[in-house]
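# sequence-free structure coming up:
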């Protein structure tokens, strides 16, 4: 069976929520997950949207809803100071790791989300990204060098462009055999879809 | 116990979905529901947003998601031609009915949603609004006259302004003892909240 594609931005709180559930949910239906970080800001340019927290009324609600949603799921959460950050560094590092070891890249993604949304660390900083990867046994100098390489920068740009071409405009966003699901609050429909092959 | 406040726009498909569940859901926890139609367009001005279907990418997804969500719930749905319409007529009619008979006003709201999202009728037209009310036994001439009265027009404007002042920016939107829930996909959290008094 084809994998569930999981598109997310490392600065997306609802992406963080989804990252805690998507592997187990997909595994229950015999599916693997392909994790695909992308730059949500580029998708916002395509839709004319901007970060949820920047909208009057909606921004205040979003901050409240994210915290409440995490409490409901018993997931630690704290809005990082200066949120949201442009997460180029960990997104580039992810694809470099992914080409070597997909499972390591997933552990790295979870570790970045934890460092950012639980510990409040500045994960947009390449040094912090390298520290987080270092805690998983990745050589610090190697990942710092990788994040600066043109082919890795282009890789993230290409992944982001491809995602937008395929209709991805938010985080988290899931594609299952072409069927799109947007938002952590569509995990329930995604699971029904996986269990029954659509309805 | 205080009622659940249910804010919605008559042209909101997710408001339509919520209208099918909110009474039974609230009743399970001993709560009444106060239905409060408002003009979502006015809230969009406050947030700088516009109708979901007008956004590139997101608009196409929304049309797909609404139909899928209705199929999942086994609710009839068809996107009306020319969607979305400014639903001044049924919103004004609702408050006129509400001041006489709250239960009748709720039945009228459900009938308008059905006429618009199932039968594809032009419910923004006062004559169609009056026909729908007529099917519930309301005198056609009375409701047509009421919709034209300045105090009824002002009433809808005041309800809309008050909703926005209280942080309502989308449809459906729920307030439970001050706690806000936005979206038909927050009915699950709303129910958990009602059952446990928050978490």
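On my side now, so go ahead. Predicted model, so just to flag it, every value in this text is computed and none were measured.
# ok, now how distant is residue A:2 from chain B?
Distance of residue A:2 to chain B, computed by CB to the nearest CB, to the nearest Å: 19 Å. C-beta coordinates here come from the backbone N, C-alpha and C atoms, glycine included.
# any idea whether that residue is helix, strand or coil?
coil (DSSP: H, G, I helix; E, B strand; the rest coil).
# what number of residues lie near it?
Using other CB atoms under 10 Å in any protein chain shown, residue A:2 has 11 other residues around it.
# which residues touch it?
Residues in contact with residue A:2 (CB atoms under 8 Å, 6 or more residues apart in numbering or on different chains) are A:31, A:176, A:177.
# residue contacts, residue A:174?
Contacts of residue A:174 (CB under 8 Å, 6+ apart): A:4, A:5, A:6, A:7, A:22, A:180, A:181, A:182, A:186, A:190.
# quick one: those as JSON lines, columns for neighbour count and distance to chain B too.
Converted to JSON lines, the contacts of residue A:174 look like this (neighbours: other CB atoms under 10 Å in any protein chain shown; distance: CB to the nearest CB, whole Å):
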{"residue": "A:4", "neighbour count": "24", "distance to chain B": "17"}
{"residue": "A:5", "neighbour count": "19", "distance to chain B": "15"}
{"residue": "A:6", "neighbour count": "24", "distance to chain B": "16"}
{"residue": "A:7", "neighbour count": "29", "distance to chain B": "12"}
{"residue": "A:22", "neighbour count": "23", "distance to chain B": "17"}
{"residue": "A:180", "neighbour count": "23", "distance to chain B": "6"}
{"residue": "A:181", "neighbour count": "23", "distance to chain B": "8"}
{"residue": "A:182", "neighbour count": "22", "distance to chain B": "6"}
{"residue": "A:186", "neighbour count": "20", "distance to chain B": "7"}
{"residue": "A:190", "neighbour count": "24", "distance to chain B": "11"}
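# take those and keep only those in strands.
Counted as lying in strands by DSSP state E, out of the contacts of residue A:174, are A:4, A:5, A:6, A:7, A:180, A:181, A:182.
# quick revisit: for the contacts of residue A:2, give me JSON lines that also has secondary structure and pLDDT.
What follows is these, written out as JSON lines (DSSP: H, G, I helix; E, B strand; the rest coil; pLDDT from 0 to 100):
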{"residue": "A:31", "secondary structure": "coil", "pLDDT": "97"}
{"residue": "A:176", "secondary structure": "strand", "pLDDT": "96"}
{"residue": "A:177", "secondary structure": "coil", "pLDDT": "93"}
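# quick check, nearest of those to chain B?
Nearest to chain B among the contacts of residue A:2 is residue A:176, at 12.1 Å by CB to the nearest CB.
# please name the bridge partners of that closest one.
residue A:179 (DSSP bridges).
# doesn't residue A:191 make contact with it?
No - using CB atoms under 8 Å, residue A:176 is not in contact with residue A:191; the gap is 10.3 Å.
# higher neighbour count, the two?
residue A:176 (20 against 16).
# give the contact list for the more buried one.
A:2, A:4, A:5, A:31, A:190, A:193, A:194.
# not counting sequence-adjacent ones, nearest residue to the fifth one?
Think residue A:190. residue A:181 (4.7 Å; CB to CB, 6 or more residues apart in numbering or on different chains).
# how far away from the center of its chain is stretch A:74-82?
15 Å (CA atoms, centre = their mean, to the nearest Å).
# in it, what's buried?
Using 16 or more other CB atoms under 10 Å in any protein chain shown as the test for burial, stretch A:74-82 gives A:77, A:80.
# could you do stretch A:27-46 as well?
A:29, A:31, A:33-41, A:43-44, A:46.
# next step: those restricted to helices.
Judged by DSSP state H, those include A:40, A:41, A:43, A:44, A:46 as members of helices.
# and chain B, which of the residues you listed contact it?
A:43, A:46 (CB under 8 Å from any CB of the partner chain).
# what separation is there between residue A:134 and residue A:156?
21 Å (CB to CB, to the nearest Å).
# more neighbours: which of those two?
Between residue A:134 and residue A:156, counting by other CB under 10 Å, residue A:156 is the more crowded of the two (22 against 14).
# so which elements touch the helix or strand hosting that one?
Per DSSP states H and E, residue A:156 falls inside helix A:150-165. Counting contacts by 3 or more CB pairs under 8 Å, 6 or more residues apart in numbering or on different chains; DSSP states H and E, helix A:150-165 is packed against strand A:33-37, helix A:40-47, helix A:88-98.
# which strands or helices does the longest one pack on?
Going back to what we said before, that points to helix A:88-98. Counting by 3+ CB pairs under 8 Å, 6+ apart, the packing neighbours recorded for helix A:88-98 are strand A:33-37, helix A:102-117, helix A:126-134, helix A:140-148, helix A:150-165.
# who's in contact with the first one?
To tie it back to what came earlier, the one meant is strand A:33-37. A:3-10, A:22-23, A:26, A:87, A:90-91, A:94-95, A:98, A:105-106, A:109, A:156, A:159, A:163.
# parallel or antiparallel, which strands does that strand pair with?
Paired strands of strand A:33-37, with direction, are strand A:4-8 (parallel) (DSSP bridges).
# averaged pLDDT, the partner strand. What do you get?
Averaged across strand A:4-8, pLDDT comes to 98.
# wait, residue A:18 touches residue A:184, no?
Yes - counting by CB under 8 Å, residue A:18 does reach residue A:184; the two are 4.6 Å apart.
# quick check: neighbours shared by the two?
Jointly contacting residue A:18 and residue A:184 under the rule CB under 8 Å, 6+ apart are residue A:172.
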